[in-house]
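# Provide a 3D model corresponding to the input given below.
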Amino acid sequence: MSDPQQVKSESPAAYRTAEPVLDGWFTLDREQPHLIGTRCKDCGSYYFPRLTTFCRNPACASETFEGVKLSRSGILWSYTSASYTPPPPYVANDPFRPFGIAAVELAREKMVVLGQIATGVDLAALKVGQNMELILEPLDDGKLTWKWKPSMEVAQ
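Below is the predicted model of the structure:
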């Protein structure tokens, strides 16, 4: 997996420092970022965030997992606007700025992952069922996180 020192030098300042909001949850590859999950070695079930205890598949008793890069594309399953300040422990900026949240079903894994919607995306233009892709963007504090944006490519 990428580490902050391997981020391309031509990237914007926010990517050069590349401090992730959550260590180990996603790669820092500016061009092709991936969420990092796990896959059960026995039944093949995928998990995000990583799972290390026991498989949650009721038909599987495995405790053995492998780290995997998850799909970076999927289908918009649902979305909403966070129009209110979330309660603690969430640390909101003052003044609070609403943001969009997307639930995207990953192409290969068929699991739904939440994430913010990319800056500049008009929520009114989103349609359930449309193709989405994973990107990295800095939060207001400069730390990187994953976000979802519409994609013209078919999810794979």
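# all contacts plus neighbour counts: C-alpha atoms, from now on.
Fine.
# Please tell me I have it right and Glu105 contacts Ile75.
Yes. Proximity of Glu105 to Ile75 meets the contact threshold set by Cα atoms under 8 Å, at 5.2 Å.
# By mean pLDDT, flag the weakest helix or strand of the protein.
helix 13-17 (a mean of 48; mean pLDDT, DSSP states H and E).
# wait, isn't Thr64 in contact with Gly44?
No. If you go by Cα under 8 Å, Thr64 and Gly44 don't touch, sitting 10.5 Å apart.
# Go through the helix or strand harbouring Gly67 and flag the buried ones.
Gly67 belongs to strand 65-69 when assigned by DSSP states H and E. Under the neighbour-count criterion of 16 or more other Cα atoms under 10 Å, strand 65-69 has 65, 67-69 buried.
# how many neighbours does the nearest residue to Glu19 once chain neighbours are set aside have?
Of all residues beyond its chain neighbours, the one nearest Glu19 is Lys143 (5.3 Å), with distances taken as Cα to Cα, 6 or more residues apart in numbering. Residues contacting Lys143 under the criterion other Cα atoms under 10 Å number 17.
# gap between Lys143 and Asn93?
Per Cα to Cα, to the nearest Å, Lys143 is found 14 Å from Asn93.
# do Tyr84 as well
Tyr84 is 12 Å from Asn93, by Cα to Cα.
# go on, Phe54?
37 Å.
# what's the answer for Phe65, then?
37 Å.
# do the same with Ser151
From Ser151 to Asn93 the distance is 29 Å (Cα to Cα).
# So between the two, which is more surrounded?
Ser151 (15 against 10).
# which ones are touching that one?
When contacts are counted by Cα atoms under 8 Å, 6 or more residues apart in numbering, Ser151 touches 130-133.
# Can you lay out these as JSON lines showing distance to His34 and secondary structure?
Output for those, formatted as JSON lines (distance: Cα to Cα, whole Å; DSSP: H, G, I helix; E, B strand; the rest coil):
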{"residue": "Gln130", "distance to His34": "19", "secondary structure": "coil"}
{"residue": "Asn131", "distance to His34": "16", "secondary structure": "strand"}
{"residue": "Met132", "distance to His34": "13", "secondary structure": "strand"}
{"residue": "Glu133", "distance to His34": "10", "secondary structure": "strand"}
